[in-house]
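K.L.:
This is a predicted model, with the sequence first.
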Amino acid sequence: MSWRAHEALEPLADSDPNISVLLGYFNTVMADIETARRWYRKAADAGHADAAATVGEMLTGEGEAAKAVPYLKTAAEAGIAHAQYRLAMVLAAQADGWLTRAAGAGHPAAMQALPAFRALTAVPPMPLSFKHAVPSMVLGKEDFLPPDGVLPAGPDPLSGRCPR
C-alpha cells in the first residue's frame, strides 16, 4: 500500500471502522504490528466485532490475556466462533489459576475439583503465532506475490508503472 493511499484513508477512519480495519490489515502485512494494533483497536472501540476479535487475539498472543477478555467477549457475543473459543480458553486458564490457589490453600472442594477441571479443559495449546491465530484477517507479504513467486522490477522511472 502506498503511503499516499494510507494518508488518503486515514481521515476517513474516524467515520468508518471498516477503514480502520483496512489500515490495520495493511500495517499488519507491512509488519508494523504496533500501528496495526492501534487501527484494529480503534475499529474495535467503534463496535467492529471482527476487529475486536483481532485485538483480543493479538493481546492473548502477547501474554495480555486479562486485557484481551473485553475484546474477545465483544466478538464472542457477536457470534465470532474463534473469539468464542479463545475467550473460553482464556477464562478456563484464569479459572485454573484460581482453583490452583484455592487448592494450594487447602480448600477441600477446590482440591477435589482441580483434577476434574484440568481433565475437562485439556486442549491443544493455543497457536503462538499471530498469523496462525487469525488466518482470515492476516496475510503475509508472500500472499501478494505473483503466481511465479518473482517480484516485478521496480517502477519504470519515466512512466512510474511496474513492468508486467
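P.N.:
Structure's in. What do you need? Numbering: from 1, shown residues only.
K.L.:
And the helices in the chain, which stretches?
P.N.:
Using DSSP state H, the helices assigned to the chain run over residues 3-9, 17-29, 33-45, 49-61, 65-77, 81-104, 108-121, 130-133.
K.L.:
how near is residue 85 to residue 50?
P.N.:
Counting by CB to CB, to the nearest Å, the gap between residue 85 and residue 50 amounts to 15 Å. Placement of C-beta: from N, CA and C, glycine included.
K.L.:
which of the two has more neighbours?
P.N.:
Between residue 85 and residue 50, residue 50 has the larger neighbour count (other CB atoms under 10 Å), namely 20 against 14.
K.L.:
right, and that one touches residue 79 too?
P.N.:
No. With contacts counted by CB atoms under 8 Å, residue 50 stays clear of residue 79, the gap being 10.8 Å.
K.L.:
By mean pLDDT, which helix or strand of this structure comes out lowest?
P.N.:
helix 130-133 (a mean of 48; mean pLDDT, DSSP states H and E).
K.L.:
what sits against residue 76?
P.N.:
Residue 76 makes contact with 83, 84, 87, according to CB atoms under 8 Å, 6 or more residues apart in numbering.
K.L.:
Where does the prediction get shaky in this protein?
P.N.:
The chain contains residues with pLDDT under 70 at 1-16, 123-164.
K.L.:
Go again with 80.
P.N.:
1-24, 26-32, 123-164 (pLDDT under 80).
K.L.:
All good on my end, thank you.
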